[in-house]
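# coords please:
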Amino acid sequence: MAQISKKEKKSFFDRMLDSIESAGNKLPDPIVLFFILCGIVLLASFITSYFNVSAVHPGTGEVVAANNLLNGAGFADFVSSMVTNFSNFPPLGMVLVMMIGVGLAEQSGFFTSLLKRTVIATPKRIIIPSIILIAIVANAAGDAGPIVLPPLAATVLMAFGYHPLVGLVVAYASTLGAFCANLIIGMSDTLAAGFTQIGAQTVDPEYIANPAMNYYFLVVSALFLMLVSLWVTHKFTIPRFGTYTGELPQMEKVTDTERRGLKWAGIATIVFAIVIVAMLIPENGVLRNAETGSILANSPFMNGIVPLLTMLFFIPGLFYGIGAKTINNSKDFGDMLGKSMSTMGPYIVLVFAAAQMLAFFSASNLGPIIAIKGAEFLNDIGFTGVPLIVAFVIFVAFVNLLIGSASAKWAILAPVFVPMFMFLDYHPAFTQVLYRIGDSITNPITPMLPYLVLLLSFAKKYDKNIGLGTLISALFPYTIFFGIFWIILIVVWYLFGIPVGPEGPIYM
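All right, here's what the predicted structure looks like:
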């Protein structure tokens, strides 16, 4: 009688990841999800209004009552404001403007050549920490980080005697696990600030979010997580994969054309930086506050941070393209800008759906009511301070396993948690940084990000038998230790009351 083969028993961790993947795949596309949420908000507005649900605003003493949107007046307001809900949506303009610069730098090949040149030119003794730091900073380059850097890191580390899967894992984990940490302000900062502003304006209509308001904490986080990632890599990743015995491919070198493009880009960036500094240093500098002379407080520099960042990416992208001859004429230039903006199509549709949902949420008064009631409940049970900080970060980290889109999650969570934390006296900038920590730490292991499947395809070049479970188990230590040490860092930051960035105090 033939022996019946038994399936290999899966570990608890593998079964957990399978459950996460299954649950996440059952969720609708984020665009459809927002339209579903529109219907839920409309129904909730009817039910809460019918039962006269209300709350007392702790700051003004005003009674905030639920407003029924499922009536003639609600429909009339919807059709008359649909376009302005979309066109006046704060994240839309900021992200599209930022994408002009980031998109040109990506399409011209500047980001790819810069990453390749930086990694290849790094000495062996600092190659792994350099790859980690480059991976963290590469978040500002959009898809260039998780797509370009892992295979490049695999090739480089293999040339230095490491297993190529070490390069894949450490670059991927550092890029996505430290997603919000950076040394420069990028598009993710702008995107997060837009949704934070919407949430905060339900409490303070005059509140304007500053994209740099988490900058101090995120710079320290980048350096801090570089050390954590380096420790995890030597402690777990390198021993796990051992020695590579396969064929060693040739490492792609930077061409003379690419080198010339990088030189032109570098010169142009230095000139731009000198011009900006010249506008900041004098007491009456153009980019300072005309009345107070401040660089940070209500200054053209901070108010114009998005256009300035756009130029910071646009200028080197343009001059790289001219120097490397990827931009030969105005048609090439126009095509690159058009191609980069064409990738924003899904985002624009997502914004349209999110804008309508948030407009419904605002008009129904459900956001302030939930925030007030939630803050009162947390105060009554004494659940504030460090326990609240840790719980919120972990909550967001679990949500991130099911919904990969950072903008989709914050669009849903910001209108509730930003005002709720404001009623508990926490500044929106602090709430935002808590969200961004939770949104980052589980990125390496979530099956909801398309980069994970791409990483698996890269890995199969070196080990054709490798599976998703093996890959995620190698990434899991980064999630665990990034989470532990990042939470410790923000708790210490909170206890010392250090601002998380310009115009970003802990408390209101």
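# Can you verify Gly382 is assigned to a strand?
No - secondary structure assignment places Gly382 outside any strand; it is coil (DSSP: H, G, I helix; E, B strand; the rest coil).
# That one and Leu388: what is the separation?
10 Å (Cβ to Cβ, to the nearest Å). Every residue, glycine included, has its C-beta placed from N, CA and C.
# Who has more neighbours out of the two?
Leu388 (16 against 9; other Cβ atoms under 10 Å).
# That one - nearest residue in space that isn't next to it in sequence?
The shortest distance from Leu388 to any non-neighbouring residue, by Cβ to Cβ, 6 or more residues apart in numbering, is to Leu378 (6.6 Å).
# Would you confirm that that neighbour contacts Leu424?
Yes - counting by Cβ atoms under 8 Å, Leu378 does reach Leu424; the two are 6.5 Å apart.
# residues bridging contact with these two, i.e. touching both?
Here Leu378 and Leu424 have 384, 388 as joint contacts, going by Cβ atoms under 8 Å, 6 or more residues apart in numbering.
# Which one's more surrounded, the two?
Between Leu378 and Leu424, counted using other Cβ under 10 Å, the more crowded position is Leu424 (21 against 18).
# I'd guessed that one sits against Phe383; true?
No - with contact defined as Cβ under 8 Å, Leu424 does not reach Phe383; the gap is 9.7 Å.
# Looking at the nearest residue to Leu366 once chain neighbours are set aside now. What's its pLDDT?
Leaving aside its sequence neighbours, Leu366 sits nearest to Ala44 (Cβ to Cβ, 6+ apart; 6.1 Å). Listed pLDDT for Ala44 reads 88.
# Is my assumption valid that the residue nearest to Leu388 occupies a position in a helix?
Yes - per three-state DSSP, Leu378 lies within a helix segment.
# Report the contact partners of it.
Per Cβ under 8 Å, 6+ apart, neighbours of Leu378: 384, 388, 420, 424.
# One more pass at 7 Å, please.
Contacts for Leu378 (Cβ atoms under 7 Å, 6 or more residues apart in numbering) come out as 384, 388, 424.
# give me the low-pLDDT residue ranges for the stretch 201-350 of the chain?
245-252, 296-297, 302 (pLDDT under 70).
# Tell me the secondary structure of the spatially most central residue of the chain, please.
With distances taken as Cα atoms, centre = their mean, Ser188 lies nearest the centre of the chain, 4.5 Å away. Three-state assignment for Ser188 (three-state DSSP): helix.
# Tell me which helix or strand the spatially closest residue to Ala55 that is not a sequence neighbour sits in.
Excluding its sequence neighbours, the residue lying closest to Ala55 (Cβ to Cβ, 6+ apart) is Ile372, at 4.0 Å. Using DSSP states H and E, Ile372 sits in helix 366-380.
# next helix or strand past that helix?
Assignment by DSSP H and E places the next element after helix 366-380 at helix 385-402.
# circling back to that earlier point, tell me the buried residues in the helix holding Ile372?
For helix 366-380, burial by neighbour count (16 or more other Cβ atoms under 10 Å) applies to 366-372, 374-376, 378.
# can you check stretch 382-391 too?
388-389.
# same thing with stretch 300-314?
So, applying 16+ other Cβ under 10 Å, buried residues of stretch 300-314: 300-302, 305-314.
# I'd say Thr442 and Leu401 touch.
Yes - between Thr442 and Leu401 a contact is recorded at 5.4 Å, counting by Cβ atoms under 7 Å.
# which one of those two has more residues nearby?
Applying other Cβ under 10 Å to Thr442 and Leu401 shows that Thr442 carries more neighbours, namely 27 against 21.
# Next one, pLDDT for the more buried one please.
pLDDT at Thr442 comes out at 90.
# before we move on, back to that, closest one of the buried residues of stretch 300-314 to Ala73?
Val306 (36.3 Å; Cβ to Cβ).
# Quickly find the element holding the closest one.
Counting by DSSP H and E, Val306 is part of helix 305-323.
# Can you list the helices and strands that that helix packs against?
helix 90-107, helix 110-120, helix 256-280 (3 or more Cβ pairs under 7 Å, 6 or more residues apart in numbering; DSSP states H and E).
# Next, the residues that contact it from outside, please.
94, 97-98, 100-102, 104-105, 108-110, 185, 190, 211-212, 260-265, 268-269, 272, 276, 327.
# Swap in 8 Å and give it another go.
94, 97-98, 100-102, 104-110, 113, 184-186, 190, 210-212, 260-269, 272, 276, 301, 326-327, 332-333, 336.
# the inter-axis angle of that helix versus helix 256-280?
Counting by axes from the mean of the first three to the mean of the last three Cα atoms, to 10 degrees, helix 305-323 lies at 150 degrees to helix 256-280.
# CA atoms only: put helix 305-323 into PDB for me.
The C-alpha trace of helix 305-323 is given here as PDB (Å, rounded to 0.1, in the frame of the first residue of the first chain):
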ATOM      1  CA  ILE A 305       8.100  74.300   1.900                       C
ATOM      2  CA  VAL A 306       6.200  72.200  -0.700                       C
ATOM      3  CA  PRO A 307       7.200  74.400  -3.700                       C
ATOM      4  CA  LEU A 308      10.800  74.600  -2.400                       C
ATOM      5  CA  LEU A 309      10.900  70.800  -2.000                       C
ATOM      6  CA  THR A 310       9.500  70.400  -5.500                       C
ATOM      7  CA  MET A 311      12.400  72.600  -6.800                       C
ATOM      8  CA  LEU A 312      14.900  70.500  -4.800                       C
ATOM      9  CA  PHE A 313      13.900  67.400  -6.800                       C
ATOM     10  CA  PHE A 314      13.000  69.100 -10.100                       C
ATOM     11  CA  ILE A 315      16.300  71.000 -10.600                       C
ATOM     12  CA  PRO A 316      18.700  68.000 -10.200                       C
ATOM     13  CA  GLY A 317      16.200  65.800 -12.200                       C
ATOM     14  CA  LEU A 318      16.300  68.300 -15.000                       C
ATOM     15  CA  PHE A 319      20.000  68.900 -15.100                       C
ATOM     16  CA  TYR A 320      20.700  65.100 -14.800                       C
ATOM     17  CA  GLY A 321      18.500  64.500 -17.800                       C
ATOM     18  CA  ILE A 322      20.300  67.100 -19.800                       C
ATOM     19  CA  GLY A 323      23.800  65.900 -18.800                       C
END
